[in-house]
Structure formats: structure tokens, C-alpha cells
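[1] Can you look at this prediction? I've put the sequence above it.
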Amino acid sequence: MNNDFVPRSERLFLNWLTVVVHYLKNRYSAWGVPESAQQHVEALLASYAAAFGIADNPQTHTPAATIAKQEARRAAESGIRALLKAYVTYNPLVTDEDRRCMELPIHKTTRSRVSVPTTMPFFEIDSSVIRRLIIHFFDQNTRKAKPAGVHGAEIRWALRDAPAVDVEDLVNSSFDTRTPFMLDFKGHERGKTVYFCLCWENTRGEKGPWSEIVSAIIP
């Protein structure tokens, strides 16, 4: 298992994702997970399971099936990260036993109190490399890579036809402890618009304010 709890192996990832989504199914309402988020992550699981089954079957395995599986994996991982980060990881209603059942890390309390970030990341988007967007992020006040006490930046993003007006519109979630953050895309995604929004997160998982939503065209 990866050190940030998500399995690297595609089969193990599918098994883990299935366990997490099924465990959440009867707890969505109690934990305050909106219906739209429920439907989104369940659809991502179904899509990845189907793509994995086709690519893993010698009779249906093709290069196109492998690409489809990789894209479904990327979407499913981003989606479950976003849901867990928003509604589970630091939800006081979620017990340590719940986290063990979902194979999620159990956060220990610390004696020293780390302050909640008060600034938002300033970021610039580099589109000089074909099929790649590079996000350079740093503190808006000091121009340093990260403010004191900050572990890294959460990057919310989404490919959208319509402009994103709220962070909840950005269904994918990634996390990076060091700038820059890079996203690679497929050839058929060139020319599409990606929307980004960032916030700082401290070592206790507490977030600062979100930045403005910024868009970029996939080169």
C-alpha cells in the first residue's frame, strides 16, 4: 500500500475502493455526505470496475482498453480522495474503528497545536509542455513555497464545459507537499478547459481559505 493509504496495485485498488464505497453506503446520511457526492463516487467505482474487467480479460484486452482503464483509475482515485478528504478524514462522527474497516490512517493527537492556515496559495499555471499543465504554487504573502506549519496544498480540479463557480464543482482532488504539481492529459483532451482551486493544509489536516478558481486550456 502506498504511504498515503491508496493501494498502488490496480487490483488491490479496486478491492479497496469497493470496500470503502460499500462501507460508506449505509453511513452517507449520518456523516453528512450529500447525495451528489454519493452518486459520483459510486459511478466512478462502477466505471473503474467495468474498465478493469475488460482490460484484465485476455479476450478483450487491447491498448485502448488499457488506456480506458488508466483513465477510469485516475478519475476514481481523485474522486474517492475528494470525498474522504471532505467528509470522512477529520469528521468527528467517524470512529477509529470505521477508519480501520476502510483501511484509512488513524490520526494521532499531538501536544503542540499547529495553527490553521490563514493565507491561500498563489499559483501560476505553465502550459508550455504539450498535454501537461504545471501548477507552481507558493504563499501569497511571503512568496515562499509554503507558510510555516503547512504540510502541503490540496488541489481541486475538473475538466468542465461550463465554468466552475464553486469549489464543490471541482470533483477531483490531489495533494502535493512540494511545488510544482503536474497533471498529464490524453491527446483527445487537448483544447479542453481545466478549472483549478487550491488551499493550504496543515499537519493536522486543517485547511485554510480556498483560492480563486482559475482555468487553463490543455495544450
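    Sure, I can see it.

[2] alpha carbons only for contacts and neighbour counts from here, please
    Fine.

[3] can you give me the strands for this structure?
    Ranges of strands in the chain, per DSSP state E, are 121-126, 132-139, 150-159, 172-176, 181-184, 193-202, 214-217.

[4] which stretch among the ones you listed comes nearest Arg8?
    strand 172-176 (15.4 Å; CA to CA).

[5] hang on, the earlier thing: columns mean neighbour count on top of the strands of the chain, output as a markdown table?
    Below are the strands of the chain laid out as a markdown table (neighbours: other CA atoms under 10 Å):
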| stretch | mean neighbour count |
| --- | --- |
| strand 121-126 | 19 |
| strand 132-139 | 20 |
| strand 150-159 | 22 |
| strand 172-176 | 19 |
| strand 181-184 | 14 |
| strand 193-202 | 23 |
| strand 214-217 | 17 |
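
[6] which stretch in those strands has the least confidence?
    When these are ranked by mean pLDDT, strand 172-176 comes last with a mean of 89.

[7] Need the outlier residue of the chain, farthest from its centre.
    Ranked by distance from the centre of the chain (CA atoms, centre = their mean), the top residue is Gln59, with 32.7 Å.

[8] quick one, phi/psi of it?
    phi -80, psi -20 (degrees, to the nearest 10).

[9] strand partners of the helix or strand of the chain with the lowest mean pLDDT, parallel vs antiparallel please.
    Ranked by mean pLDDT, DSSP states H and E, the helix or strand of the chain with the weakest confidence is strand 172-176, at a mean of 89. According to DSSP bridges, strand 172-176 has the following sheet partners: strand 150-159 (antiparallel).

[10] quick one, the partner strand and strand 121-126 angle?
    50 degrees (axes from the mean of the first three to the mean of the last three CA atoms, to 10 degrees).

[11] Export only the CA atoms of strand 150-159, formatted as CSV.
    Coordinates of each C-alpha in strand 150-159 appear next as CSV, following Å, rounded to 0.1, in the frame of the first residue of the first chain:
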residue,chain,number,x,y,z
VAL,A,150,1.8,23.9,6.4
HIS,A,151,2.1,20.4,5.2
GLY,A,152,1.1,21.0,1.6
ALA,A,153,-1.6,22.1,-0.8
GLU,A,154,-4.8,20.4,-1.7
ILE,A,155,-5.5,20.9,-5.4
ARG,A,156,-9.1,20.6,-6.5
TRP,A,157,-9.6,20.5,-10.3
ALA,A,158,-12.0,19.4,-13.0
LEU,A,159,-12.4,19.2,-16.8
